[in-house]
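**Student:** mind folding the following:
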Amino acid sequence: MIIRNIQFFLFGDFEEIEAQPESILDISTKFLENGISVIPGTFQQVNPNQGMKSYERIMFNNSKEQFNIQIGMDAIQINKLIVDNKAYNFKSETDQFLSKIKKVIKALNDSDIGFNNGRRISLIIDVLHDPKKIKSFSEVYSTLSNRLPNYDPDDAFEWNIRAAKRKKMNIAQHQEEVNVVTEVLRTAGEINNSGKAEHFDTIQTKIDINTIDDNKKLRINEEFVREFLDKANDIFCSHYDAIEVMVVESK
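**Tutor:** As a prediction, the model looks like this:
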């Protein structure tokens, strides 16, 4: 499979982590101590609750590893965007990214910026299945859904199947309700291949695992993040293994 994008969000009140030189230096130092190589910068964020005024916020970027950290007023966002069409080992790639997230949160927690607990957490992974290995689109469509009237599998050139469930989990001594949202769709577009745009038409899978928005308690600390990521990774691997069986041709 081709991993397109991995995203991590920690929602909370981070307004006091301002884009000041001393804060940027402090965080950069902690990142280096934790083996995270990034270049600091800033971005503009508009807070709808405070009109249309934009605020300068801290960001860190590693263009070689396609890795980005943004410290917004209401969320810390960590992204890995993969722009080539290399087929990655799913578990290896996700394990590396989740390890990096843990290091980022530890560095922020160890810094002097006044890092607050978060209230909600989300991990999203988006992959393309190798077009050369997938079953026919009609077969996948028929397997995944009860089709709509007058939309035969051979005729439908665009479709999207989405399902969400909620499960209870114990995370860092907290009883949590966690949403598991899976989306499987047929998608087409262009992807970079050694500097050249290459057209693709394949199956895309997105999975979003997140704590429910109803719980507003500021309880998500470094320990919570580590445990959540480990449990979310197990769910991701289980779901993708099951979806691969339905989507990919058996050898």
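**Student:** so A163, which of the three states?
**Tutor:** Three-state call for A163 (DSSP: H, G, I helix; E, B strand; the rest coil): strand.
**Student:** contacting residues for the residue nearest to V46 when sequence neighbours are not counted?
**Tutor:** Nearest residue to V46, sequence neighbours excluded (C-beta to C-beta, 6 or more residues apart in numbering): S54, at 5.1 Å. Quick note: C-beta positions are derived from backbone N, CA and C, even for glycine. When contacts are counted by C-beta atoms under 8 Å, 6 or more residues apart in numbering, S54 touches Q44, Q45, V46.
**Student:** from those, list just the buried residues.
**Tutor:** Among those, those that count as buried by neighbour count (16 or more other C-beta atoms under 10 Å) are Q45.
**Student:** quick check, nearest of the contacts of S54 to I78?
**Tutor:** Q45 (15.8 Å; C-beta to C-beta).
**Student:** show me what the closest one is bridged to.
**Tutor:** In this entry, Q45 is beta-bridged to Y55, by DSSP bridges.
**Student:** got a list of what N233 touches?
**Tutor:** N233 makes contact with T94, D95, L98 under the criterion C-beta under 8 Å, 6+ apart.
**Student:** ranges for the helices of the stretch 151-251 of the chain?
**Tutor:** In the stretch 151-251 of the chain, the helices defined using DSSP state H, counting those that start in this stretch lie at 222-247.
**Student:** against A156, how distant is the residue lying farthest from the centre of the chain?
**Tutor:** Distance to the chain centre peaks in the chain at N150, reaching 35.6 Å (criterion: C-alpha atoms, centre = their mean). Plainly put, N150 is 10 Å away from A156 if you go by C-beta to C-beta, to the nearest Å.
**Student:** equivalent analysis for N116, please.
**Tutor:** 47 Å.
**Student:** tell me which element the residue nearest to Q77 when sequence neighbours are not counted falls in.
**Tutor:** Of all residues not flanking Q77 in the chain, Q70 sits nearest, at 4.6 Å (C-beta to C-beta, 6+ apart). Assigned by DSSP states H and E, Q70 falls within strand 67-71.
**Student:** mind listing what's buried in the next helix or strand after that strand?
**Tutor:** The helix or strand immediately downstream of strand 67-71 is strand 75-81, counting by DSSP H and E. Of all the residues in strand 75-81, those buried under the rule 16+ other C-beta under 10 Å are A75, I76, Q77, I78, N79, K80.
**Student:** any chance of TSV for those, columns pLDDT and distance to F200?
**Tutor:** Rendered in TSV, the data for the buried residues of strand 75-81 read as follows (pLDDT from 0 to 100; distance: C-beta to C-beta, whole Å):
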residue	pLDDT	distance to F200
A75	95	31
I76	97	32
Q77	97	27
I78	97	26
N79	94	21
K80	89	20
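**Student:** before we move on, back to that, per-residue pLDDT of the residue nearest to Q77, please?
**Tutor:** Looking at Q70, its pLDDT reads 97.
**Student:** next one: I125
**Tutor:** 92.
**Student:** now do the helix or strand hosting it against helix 222-247, angle only.
**Tutor:** Using DSSP H and E, I125 maps to strand 118-128. Computed by axes from the mean of the first three to the mean of the last three C-alpha atoms, to 10 degrees, the angle separating strand 118-128 from helix 222-247 equals 30 degrees.
**Student:** E176: how many residues sit nearby?
**Tutor:** 20 (other C-beta atoms under 10 Å).
**Student:** what's the distance between the closest residue in space to it that isn't next to it in sequence and A163?
**Tutor:** Excluding its sequence neighbours, the residue lying closest to E176 (C-beta to C-beta, 6+ apart) is M169, at 5.1 Å. Distance, M169 to A163, using C-beta to C-beta: 18 Å.
**Student:** neighbour-wise, which of those two wins?
**Tutor:** Using other C-beta under 10 Å as the criterion, M169 and A163 rank with M169 on top: 16 against 11.
**Student:** E190: neighbour count?
**Tutor:** By other C-beta under 10 Å, neighbour count at E190 equals 11.
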